[in-house]
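J.: Just a sequence and a predicted model for now, questions to come.
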Amino acid sequence: MPQQPIESLAEAVTQDVAAAPRPSDLASLLAPVTPPARPLVEPLAAFQEHLTLGPLPGPRIDLGPLLARLRQVSHRQWHQDFDASQGRPPQGGRGTCWAFAGCGALEAAYARAGQRVTLSPHYLFHVSKAHENHLSGPGIHSLVGFQGSSDVVHHLSYWAIPAANLAPYIDQGPLQNLANAIPRTGMALNGGGGGNREQADWFEFDLRNVPLAARWFAQYRVKSYGTVKNDDIDGLKGAIEAGYDVVVNVNDKINNGGHVLLLIGFDDRAGRFEIKNSQSAPGFGTMAYSGDAQFDLTAGTAYFVKEVQPVAVQRAAMWMGRWEIDHDGWLGRLVIRRFIDIRGNGSLPGAGSRISLGTWYAEDGRTSDVLGHLVDGGRGLHCDILGQRFELYLHGSDPWRAAGRTWWNNTPFGVVLTRGATLGAGAKGDFLRAKTIGTWDTVHDGWRGQMRIGADPGYVQAADSVVRHAWIDPGATAHKVDAHVDFGGDNRDQPFQLLVHTREAGLLGGTTSWGGQDWPVEGRLASNLYAVADDGTLRWYRHIGRPRLTAAWDEIKPVGSGWNGFRAVFGGGDGVIYAIRPDGALLWYTHDGRNQGTADWRGPLPVGNGWGQFQRVLGADGGVVYAVANDGRLLWYRHLGRRDGSPRWEGPVEVGSGWGGFVAMATGPDGAIYASQRNGDLLWYRHDGADQGYPIWAGPVRVGTGWQPYDSIWSAGNGYLYGRNAAGELYLWRHHGFRSGAQNWSQGVKVGTGWRSGIREVVVT
């Protein structure tokens, strides 16, 4: 299995990633700077002795003081202006000076090595605060200024930072407004350090504060650094003369407080340092060696960057943030605040040096420390939660998801994690072997496909519709399937341990092995199509040709009656169907027989009222439901009782406007929404705030044209999209860019006829 899936890493994150600097081979450019053989600064007497001319006739001439006055060094050519258009204006009203100085020193070091980049002080300030928030608790968050110094260079040898365009700088006022707009902060956070640790988490890990792409492409880091006494003027000049920029602590006499500057040159003729100062644009000025009108050097330690690391993503940083986690049907949140001990030696924690990484919050109110370590360069996280062992792995090209396994009574169970919304599937779970049989939409390390488990196993790769030979070992436990897929080449037998959840239906987690390492696997039972006939019959359709883009179907089966009396019917995912009665009551059903098309149901159960007032209602992943109001507002709801039909909800929350004029709409996987316009354009959106109902969006992006013939569209897992035309013909496409909005499609094919006459409504779930 190649490490880079066909669906590229760039398509797995937000669109601005396309502009992000990519790793390049800097091995030949990043040679360490070699200091001169003599000490950086020699005593004045030694200089004078070296510079004394003699014996010559006439008076002895001492050129030492004269030449000393001529010493002048400037590194201005390696530095950039503070520029809002680059995502990095001056620091404004925030006490973030040390983050700016650290970024400036690192930028210049990379520039000397041939790599020009504008780095993100916003991210650097955030990641430093989030790490400390885990240890110190209240009062440590990004609304609080300062709490740092010149030792930021040391921190930059432990964690990498991204380009500024991936995490643009936000000034204090807008940042405070953002914090206040997040309900779970309780409006308790402020520059004075208010709020508790959990309230700070909701702010720090909000994607409007730090976009996920910034964590995915944090790739610039210090390899080695040096120090000098902060108030040793000769030592500071010597470091600059040797080719380094020095981060120093100063007392700001005008603003009455501590400040951090970057020294980038000096001029002995004027007795002044050249400085980069984040207080104003473009950011350059001077300060006197002593007696300056604004700044005085303080005691302590100054730092400078000696070498930089080759440009490479820091996978361990990808774990930071808020996850929703489902282990064998047990639901909760996992918050990872740090991945390294900055008081340690800079190494990622290993099996023998585990550290506290974050906190697990169970749906039932329990909490637990997450004690663990990282494997495979940070790609895997092994931890204990309430004494239970977890082995979790990031998908190589999907920053939104992770998966793995956990153990209970020495038995492995599946785990899935998402940055978005996951509430698992139907709650009817058990250890029956039959529940593993079926067709599953799977993801393994970002590779998407469809796995058929049963008497005739098989695997179809979604990216190219190639059918792969698959087989299953006999004798596995009821919920564990040991499958194998022949991917060809050196990977003719890739093993998969698929762990079907026992406390819920239609969900699996697990691992696959490749190259001697474990990689994540997750899957859901593939969705089916249901049609409400004019006579009220509910028909079940399973499209077995979907992954191969062919018109192959199982036998159509009737699975219910009396469905023609509803105002509207829509799918809720994982076999859940919602029906709106004429009086506006919302009913919940789960089709427990969806795998084989039997009439085995739970429900109807009433779960809400007032749903008849909307122009359109759509179900999405994880219990999310969108309602388009008659005035075009998009309202978000989340059905927390989706698994059991209980009337537990979050919302409504308004998450957008202008959604009323579309011809057709469909919700796709991972927060995607498709909407067709009357001119035939197909627009793509991704709701990155789907888990909490926050207005965090990617898009709209036009991903297609010529959609006028299709009055209805429906989305299935892994990016498949159906469209029905006026003649009742059903077409199928695969949108390879369903996660990113890239305009990359498989050619549409006709897969059915007769989907209009005698059919009142069609849903996919």
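T.: Okay, I see it.
J.: What residues sit buried inside stretch 566-586?
T.: 566, 568-581, 585-586 (16 or more other Cβ atoms under 10 Å). Using the backbone N, CA and C atoms, a C-beta is placed for each residue, glycine as well.
J.: Can you list which of those residues are found in strands?
T.: Counting by DSSP state E, the buried residues of stretch 566-586 place 568-573, 576-580, 586 in strands.
J.: could these be laid out in a markdown table, adding distance to Gly193 and pLDDT?
T.: Formatted as a markdown table, those follow (distance: Cβ to Cβ, whole Å; pLDDT from 0 to 100):
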| residue | distance to Gly193 | pLDDT |
| --- | --- | --- |
| Ala568 | 50 | 97 |
| Val569 | 51 | 98 |
| Phe570 | 46 | 98 |
| Gly571 | 46 | 97 |
| Gly572 | 42 | 95 |
| Gly573 | 42 | 93 |
| Val576 | 44 | 96 |
| Ile577 | 49 | 97 |
| Tyr578 | 45 | 98 |
| Ala579 | 50 | 98 |
| Ile580 | 48 | 98 |
| Leu586 | 44 | 98 |
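J.: Among these, which one sits closest to Ile336?
T.: Nearest to Ile336 among those: Gly573, at 26.6 Å, using Cβ to Cβ.
J.: picking up where we left off before, from the ones in strands among the buried residues of stretch 566-586, which is closest to Ile342?
T.: Closest approach to Ile342 among these (Cβ to Cβ): Gly573, at 41.5 Å.
J.: quick one: the helices in this structure?
T.: 44-51, 64-69, 97-112, 121-136, 152-155, 172-181, 197-204, 212-216, 233-241 (DSSP state H).
J.: Show residues contacting the fifth one.
T.: With Cβ atoms under 8 Å, 6 or more residues apart in numbering as the test, helix 152-155 has contacts from 98-99, 101-102, 105-106, 124, 128, 222, 225, 247, 260, 303-305, 342.
J.: go with 10 Å
T.: For helix 152-155, contacts defined as Cβ atoms under 10 Å, 6 or more residues apart in numbering pick out 97-103, 105-106, 109, 121, 124-125, 127-128, 131, 148, 161, 222, 225-227, 245-247, 260, 301-306, 340, 342, 346.
J.: Only alpha carbons, please: show stretch 552-566 as CSV.
T.: Provided in CSV are the C-alpha atoms of stretch 552-566 (Å, rounded to 0.1, in the frame of the first residue of the first chain):
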residue,chain,number,x,y,z
ALA,A,552,-26.1,-3.7,-11.1
TRP,A,553,-28.8,-3.9,-8.4
ASP,A,554,-30.1,-6.5,-5.9
GLU,A,555,-33.7,-7.5,-6.1
ILE,A,556,-36.1,-4.7,-5.2
LYS,A,557,-37.9,-5.5,-1.9
PRO,A,558,-41.0,-4.0,-0.2
VAL,A,559,-40.1,-3.2,3.4
GLY,A,560,-43.1,-1.2,4.6
SER,A,561,-46.5,0.3,3.8
GLY,A,562,-48.5,3.5,4.6
TRP,A,563,-45.6,5.8,3.8
ASN,A,564,-47.6,8.0,1.4
GLY,A,565,-49.3,9.9,4.2
PHE,A,566,-46.3,12.0,5.1
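J.: Go through that stretch and flag the buried ones.
T.: 559-560, 563, 566.
J.: again with stretch 451-461
T.: Quick answer for stretch 451-461 (16+ other Cβ under 10 Å): 451-453, 457-461.
J.: Show me the residues you listed that map onto strands.
T.: Using DSSP E, the members of those that fall in strands are 451-453, 458-461.
J.: with these in mind, which one is nearest to Arg269?
T.: Checking those one by one against Arg269 (Cβ to Cβ), the nearest turns out to be Gln461, at 69.0 Å.
J.: I'd say the closest one and Trp447 touch.
T.: Yes - if you go by Cβ atoms under 10 Å, Gln461 and Trp447 touch, sitting 7.2 Å apart.
J.: Domain ranges for the protein, per the record?
T.: Domain segmentation of the chain under automatic domain parsing yields 9-54+63-308, 320-431+475-481+488-521, 529-764.
J.: got the contact list for the spatially closest residue to Ala317 that is not a sequence neighbour?
T.: Spatial nearest neighbour of Ala317, chain neighbours left out: Ala218 (4.7 Å); criterion: Cβ to Cβ, 6 or more residues apart in numbering. Applying Cβ under 10 Å, 6+ apart to Ala218 gives the contacts 119-120, 123-124, 127, 159-163, 166-167, 312-318, 320.
J.: Rebuild the domains of the chain as CSV, extending it with distance to Thr442.
T.: Putting the domains of the chain into CSV (distance: least, Cβ to Cβ, whole Å) gives the following:
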stretch, distance to Thr442
domain 9-54+63-308, 16
domain 320-431+475-481+488-521, 6
domain 529-764, 8
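J.: for the ones you listed, which one sits closest to Ser465?
T.: Closest of those to Ser465 is domain 529-764, at 5.0 Å (criterion: Cβ to Cβ).
J.: now the end-to-end length of the closest one.
T.: 5 Å (Cα to Cα, to the nearest Å).
J.: Next: stretch 751-761.
T.: End-to-end distance (Cα to Cα), stretch 751-761: 18 Å.
J.: Tell me where this protein is predicted with low confidence.
T.: Applying pLDDT under 70 to the chain flags residues 1-70, 427-429, 476.
J.: which residue is nearest the middle of it?
T.: Residue closest to the average C-alpha location in the chain (Cα atoms, centre = their mean): Leu212, at 3.3 Å.
J.: Excluding covalently adjacent residues, which one is nearest to that residue?
T.: Pro399 (5.4 Å).
J.: Let me see the contact set for Asp631.
T.: 615, 657-660.
J.: related to what we said a few turns ago, give me the buried entries from the contacts of helix 152-155.
T.: In the contacts of helix 152-155, the ones that pass as buried (16+ other Cβ under 10 Å) are 97-103, 105-106, 109, 121, 124-125, 127-128, 131, 148, 161, 222, 225-227, 245-247, 260, 301-306, 340, 342.
J.: For beta bridges, what are the partners of the residue lying closest to Thr537 once chain neighbours are set aside?
T.: Nearest non-adjacent residue to Thr537, counting by Cβ to Cβ, 6+ apart: Pro558, 5.2 Å away. On the basis of DSSP bridges, Pro558 is bridged to Arg539.
J.: Next up, the contacts around Pro558.
T.: 533, 537-540, 597, 599 are the contacts of Pro558 under Cβ under 10 Å, 6+ apart.
J.: Which entries within those meet the buried criterion?
T.: 533, 537-540, 597.
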